[in-house]
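Undergrad: using only what follows, build the 3D model:
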Amino acid sequence: MKRNQRIIVYPKDVAIITGRSERYGRLVIQRIKDKLGKEKHQLVTVEEFADYVGLKKEIISSLIN
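TA: So this is what the prediction gives:
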């Protein structure tokens, strides 16, 4: 059975990917939301994060799943 793939990126994921703090992860998520015009309650997807940081979606997915 295939394991479910997460599609949402959280600050802790950003911290793991970048090697920075979780606080930095919150800042990056907020910058992505501001750039995309998202509201506070809306989430950031793996694809949106990958586009923002310039990495492939598959790399991001493999690191957080």
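Undergrad: can we go C-alpha only for contacts and neighbour counts from here?
TA: Noted.
Undergrad: what's the longest helix in this protein?
TA: Counting residues, the longest helix in the chain under DSSP state H turns out to be helix 22-36.
Undergrad: okay, buried residues for that one please.
TA: E22, Y24, G25, R26, V28, I29, Q30, I32, K33 (16 or more other Cα atoms under 10 Å).
Undergrad: mind listing residues that contact it?
TA: By Cα atoms under 8 Å, 6 or more residues apart in numbering, the residues outside helix 22-36 that reach it are Y10, P11, K12, D13, V14, A15, E39, K40, V44, E48, F49, Y52.
Undergrad: what about 7 Å?
TA: With contact meaning Cα atoms under 7 Å, 6 or more residues apart in numbering, helix 22-36 is reached by P11, K12, V14, A15, Y52.
Undergrad: and that helix, what's its mean pLDDT?
TA: Averaging pLDDT along helix 22-36 yields 97.
Undergrad: and I8, its phi and psi?
TA: Backbone geometry at I8, expressed as degrees, to the nearest 10, gives phi -110, psi 140.
Undergrad: give me every residue that touches it.
TA: L43, V44, T45, V46.
Undergrad: for K35, see how far away the third one is.
TA: Same thing as T45. T45 sits 14 Å away from K35, going by Cα to Cα, to the nearest Å.
Undergrad: same check on the first one?
TA: Using Cα to Cα, we find L43 at a distance of 13 Å from K35.
Undergrad: kindly report the same for the second one.
TA: Going from V44 to K35 by Cα to Cα gives 11 Å.
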